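Visitor: fold the following.
(one chain, ligands or ions: 1)
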Amino acid sequence: MIAPASEAELPLLMEIERKTFLTDQFSEALYLSFIVQPDIEVYLYRAGGNAQGSLVLKFAEDDTLCQVISIAVPPAYQGQGLGKELMLFTEERAREKKRDQIQLEVRSNNMRAMELYESLQYMEHKILRDFYGPGIDGIRYIKCLT
Ligand SMILES: CC(C)(COP(=O)(O)OP(=O)(O)OC[C@H]1O[C@@H](n2cnc3c(N)ncnc32)[C@H](O)[C@@H]1OP(=O)(O)O)[C@@H](O)C(=O)NCCC(=O)NCCS
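Guide: Model prediction:
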């Protein structure tokens, strides 16, 4: 089940963050700011009493975009379709919010994530040189919903 995360669930979000990302982990303070920001939505994927994934979406005011700020499925739960479910949920939310595009950035060596996005018809839009630091490029993907 995918449901909005509350402040009380910060420890679960942080546990997912620690297990999923070896570097560039978001801090608890940043997650808290996401939860209270009106244009940001934070979700937890729960199943069998466990938090198995997280998703952070931004719906900026006066914009037509839905931005995926973060998607995370810890290694123990990867490869079971959860990432795909979270991305399909993103699409559902974007349509509900009348957005016409979903945008996200990914490290250019993150083959697994890129395969997921491409399998869902996200198109490579732009290479972002040094986006994640010197020598670490990003790729911006876009999916048009119209
Ligand atoms: C990227 C991530 C969210 C995918 O989640 P997941 O639950 O493992 O993905 P799914 O099981 O839903 O797989 C969906 C698709 O991803 C791709 N995929 C999944 N496992 C893969 C693997 N081991 N190798 C290559 N591609 C793979 C496939 O295209 C797969 O589609 P298919 O099952 O129809 O073949 C997850 O691996 C993750 O959190 N990784 C670390 C954090 C990260 O990279 N986040 C994204 C930053 S932009």
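Visitor: what about Leu57, how many residues close to it?
Guide: Leu57 has 25 neighbouring residues, counting by other CB atoms under 10 Å. Placement of C-beta: from N, CA and C, glycine included.
Visitor: ok, it to Ala76 distance?
Guide: 24 Å (CB to CB, to the nearest Å).
Visitor: could you do Ala5 as well?
Guide: Distance from Ala5 to Ala76, by CB to CB: 19 Å.
Visitor: those two: which has the busier surroundings?
Guide: More crowded of Ala5 and Ala76, by other CB under 10 Å: Ala5, with 23 against 10.
Visitor: now stretch 79-93: mean pLDDT?
Guide: In this model, stretch 79-93 has a mean pLDDT of 98.
Visitor: same deal with stretch 114-126?
Guide: Over the span of stretch 114-126, the pLDDT mean works out to 98.
Visitor: pull that stretch out as CSV, backbone CA atoms only.
Guide: Only the C-alpha atoms of stretch 114-126 are listed here, as CSV (Å, rounded to 0.1, in the frame of the first residue of the first chain):
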residue,chain,number,x,y,z
MET,A,114,17.3,4.0,-16.2
GLU,A,115,15.9,0.6,-17.3
LEU,A,116,12.9,1.2,-15.1
TYR,A,117,12.2,4.7,-16.5
GLU,A,118,12.7,3.6,-20.1
SER,A,119,10.4,0.6,-19.6
LEU,A,120,7.7,3.1,-18.6
GLN,A,121,8.4,5.3,-21.7
TYR,A,122,10.4,8.0,-20.1
MET,A,123,12.6,9.8,-22.7
GLU,A,124,16.1,10.9,-22.2
HIS,A,125,15.9,14.7,-22.4
LYS,A,126,19.2,16.1,-21.4
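Visitor: what does it contact?
Guide: Under the criterion CB atoms under 8 Å, 6 or more residues apart in numbering, residues 83-84, 87-88, 91, 102-104, 106, 139-144 lie in contact with stretch 114-126.
Visitor: check stretch 44-63 too.
Guide: 1-5, 9, 12-13, 15-17, 34, 39-43, 65-74, 77, 82-83, 85-86, 89-90, 93-94, 97, 99.
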